[in-house]
Structure formats: C-alpha cells, structure tokens
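Student: Here is a sequence together with a model predicted from it:
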Amino acid sequence: YKDIKIFYGTGGAHACINPGVYDSDEEYGIYDVDIDSLYPSLAITQGLYPEHLGPEWIDIYNGEIVSVRVAEKHKPKAERDFVVVEGFKLAANGSYGKTNEEKSWLYDPLYAMKTTISGQIFISMWAEYICENIPDCTILQINTDGITFRFPKKYKESLIKLSDEITSRCKLTYELNEYKKMVIRDVNNYSAQYLDNKIKHKGDFEINKELHKNPSMRIVSIALEKYFFEGKPVSETIQEHKNIYDFCMRLKTNRDSIAQYVTLNENGLHVQDLSKTTRYYISNHGGALQKYFIESKKVTGVNVGFVATLFNKYVEKPMEEYDINYRFYILEAKKIINQIEDYQISLF
C-alpha cells in the first residue's frame with residue numbers, strides 16, 4: 001500500500017520504508033502518531049476478556065491498570081510520574097502478553113489473537129484514512145501501535161482532525177510527535193530527532209538501554225548519534241572516548257554451553273572456562289573467545305578474527321593502556337552506516 005509492504009504477524013502490523021536518512025524541511029514535516037496502550041485499550045473498548053476470568057476482568061484491567069497509565073501519560077511531560085507511566089505500561093502490556101503463554105493463569109489464545117487482529121485492522125484503517133485524505137503523504141513506518149508519516153506541513157491540522165475522528169470513533173486516545181529527522185535502518189532500528197533536538201533511539205541505535213537489554217558496545221551507538229546528527233566521523237568519536245565501560249561487551253551462556261577463553265603460552269593452547277556471564281572488550285592483544293556446546297561438543301567462535309581482554313574486574317588506568325582495538329568498533333559502526341547510506345545511494 002502506497003509503495004510500502006505491510007507485514008501482518010502474531011505480534012502486530014509492521015512496515016518500514018527503505019533504509020535512509022529522512023529530513024523535514026520548510027515544506028515537509030515528519031509526524032508520528034501513537035495509540036496509548038493499543039492492545040489493552042482495544043480489548044477494553046471491544047469488551048474482550050479471557051474466557052475463564054469473565055467480564056469482571058475488564059473492569060479490573062481498565063480501572064486499576066490501563067486507565068491509570070493513560071491518564072498519567074496525558075499529563076504535561078514535566079508533571080508525569082515516570083514510574084507510573086512505565087510501570088503501568090509493563091503491567092498492561094504484560095497482562096496482555098501472558099494471555100498467549102500456555103503456562104500463565106491468564107492464558108487464552110483466542111482473546112490474544114482477537115486483540116492482535118483488531119489492532120492490525122485499526123492501524124491499517126488509520127494509515128489508509130490519513131493517506132487517502134492528505135495529499136503527497138508517505139508512510140515511513142508502521143510499528144504495532146503507531147505510524148510515522150511525511151507530508152507537506154500545511155496539512156498538519158488535517159492529520160490532527162482525521163486522527164481525532166478515527167480514534168474517538170474507536171474510543172482510543174493517541175499522542176502526536178513531530179520529528180526534524182529520522183535515520184532508519186529498519187522498523188526496529190532507527191533514531192528520531194524531535195523539534196527540541198532531543199533524540200529517540202531504538203534497537204542498535206540505543207545508547208542508554210533498559211536493564212534487561214544487552215548493553216554491549218555502547219560506544220558504537222554513541223558514535224552513530226554523533227555521525228548522523230552532528231556530522232562527526234565515527235573514528236574520531238571512538239578514538240577520543242575515555243570511558244572503558246562503553247567499549248565492553250557481554251557474553252552469556254546457558255546450561256547447554258560453556259564460554260571459554262583461549263590463549264597461547266609456552267605449553268601451547270590454554271583453554272579457560274568462564275562464568276555464565278563474562279564482560280570483555282576487543283583489544284590488540286589477548287585471547288580468543290568461544291562457546292563450547294556440551295551435548296554436541298561443537299565449538300563456535302565469538303567475534304571471530306579478533307582477540308579480547310577479559311574485564312569482569314575493573315582496573316583503573318590510562319585509556320591507552322587498555323590496548324583497545326579501535327578498528328573493531330569503527331568497523332561495527334560503519335556496518336550500520338553502510339546499510340543506510342549504501343542503500344540510499346543505490347536508489348539514485
């Protein structure tokens with residue numbers, strides 16, 4: 001639809017324009033519309049509930065979780081309670097997610113799929129409603145509960161009017177944001193700069209990740225932000241950086257495998273078994289990392305072609321003494337840049 005392929009899966013509707021850098025200018029703006037708690041809100045407005053829990057579920061779910069979060073989110077940003085907004089988001093979305101987990105007391109896959117399909121239909125209807133009524137409208141992204149458009153700025157009020165109409169008809173609420181610039185690799189990996197110059201990062205562009213996410217190679221995300229929004233070469237950012245933690249990476253194993261550190265000494269190869277979680281960074285000298293799979297006895301390399309220094313224990317010293325292999329981190333940043341810029345160049 002409108003030259004963009006929309007994928008419908010069990011998690012929701014997703015679509016993304018080709019990789020590239022997309023700017024607003026004097027004539028065109030970039031607008032992002034996002035439904036507040038889409039799946040929980042749709043379930044409530046349509047009277048959906050896990051069959052074994054009965055309709056009482058709706059009153060509890062809405063009154064004690066969803067409505068509390070939505071009300072807090074619609075306060076001015078300076079007045080919002082972050083714990084309420086994010087905590088109740090987890091409670092609302094987590095409760096929905098558990099309805100599709102067989103071992104959960106909330107399990108009801110029919111309820112889950114009714115909710116998901118309703119969300120896909122609504123998002124598709126919303127995208128179509130905007131595109132058919134606003135001239136020269138381009139969809140940049142569709143991501144489960146929101147849509148990002150680029151179109152002439154003179155139609156901004158039309159976007160608000162049309163979105164108000166369709167969301168009120170479906171008893172939903174939404175949030176509108178405007179971007180100066182978007183750097184897009186795909187629907188899950190992008191950066192978006194607001195009008196006040198603050199930047200939102202997703203996926204490989206994230207700098208300050210949530211605690212449950214892998215924080216490896218923070219320096220790469222920092223370099224990407226500096227490159228795309230300040231024009232600073234990634235090599236300069238990476239080589240000038242003074243925080244060793246931002247170069248660190250995480251290696252995790254489970255009960256099926258063992259992390260190993262392989263070095264060479266006078267007696268030959270020395271293989272050291274590591275703990276379940278290992279922190280390290282890529283260095284000019286050091287050992288090779290690998291995973292040994294217990295049942296199959298197979299070995300797979302980690303960061304093949306590079307050696308690493310273990311860093312589970314912090315040792316303070318001048319940055320140059322850490323012996324960081326800056327080339328590795330520069331290459332990692334340029335891989336992402338090339339995926340965006342090479343594709344954009346190929347279009348012309």
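Tutor: That came through, no problem.

Student: Using CSV, list the CA coordinates for stretch 125-136.
Tutor: What follows is stretch 125-136, C-alpha atoms only, in CSV (Å, rounded to 0.1, in the frame of the first residue of the first chain):
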residue,chain,number,x,y,z
MET,A,125,-7.6,1.7,8.7
TRP,A,126,-5.8,4.7,10.4
ALA,A,127,-2.9,4.7,7.9
GLU,A,128,-5.3,4.5,4.9
TYR,A,129,-7.6,7.2,6.4
ILE,A,130,-4.7,9.6,6.6
CYS,A,131,-3.1,8.7,3.2
GLU,A,132,-6.3,9.0,1.3
ASN,A,133,-7.2,12.4,2.7
ILE,A,134,-3.7,14.1,2.9
PRO,A,135,-2.0,14.7,-0.5
ASP,A,136,1.6,13.7,-1.1
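
Student: Now do the buried residues in that stretch.
Tutor: Within stretch 125-136, the residues that count as buried by 16 or more other CB atoms under 10 Å are 126-127, 130-131, 134. Where C-beta positions appear, they are placed from N, C-alpha and C, glycine not excepted.

Student: could you point out the longest helix in the chain?
Tutor: Longest helix of the chain, by residue count under DSSP state H: helix 109-133.

Student: packing partners for the helix or strand following it?
Tutor: Once helix 109-133 ends, the next helix or strand along the chain (criterion: DSSP states H and E) is strand 138-143. Under the contact definition 3 or more CB pairs under 8 Å, 6 or more residues apart in numbering; DSSP states H and E, strand 138-143 sits against strand 12-16, helix 109-133, strand 146-152, strand 174-186.

Student: what angle separates the last one from strand 146-152?
Tutor: If I follow you right, that is strand 174-186. If you take axes from the mean of the first three to the mean of the last three CA atoms, to 10 degrees, strand 174-186 sits at 90 degrees to strand 146-152.

Student: For strand 174-186, list every residue counted as buried.
Tutor: Neighbour-count burial for strand 174-186, counted by 16+ other CB under 10 Å, picks out 174, 179-186.

Student: ok, so of these, who is nearest Y49?
Tutor: The closest of these to Y49 turns out to be Y174 (CB to CB; 23.6 Å).

Student: May I see the helices and strands packed on strand 138-143 arranged in CSV, with mean pLDDT and distance to Y22 as well?
Tutor: Formatted as CSV, the helices and strands packed on strand 138-143 follow (pLDDT from 0 to 100; distance: least, CB to CB, whole Å):
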stretch, mean pLDDT, distance to Y22
strand 12-16, 95, 11
helix 109-133, 95, 16
strand 146-152, 98, 6
strand 174-186, 96, 5
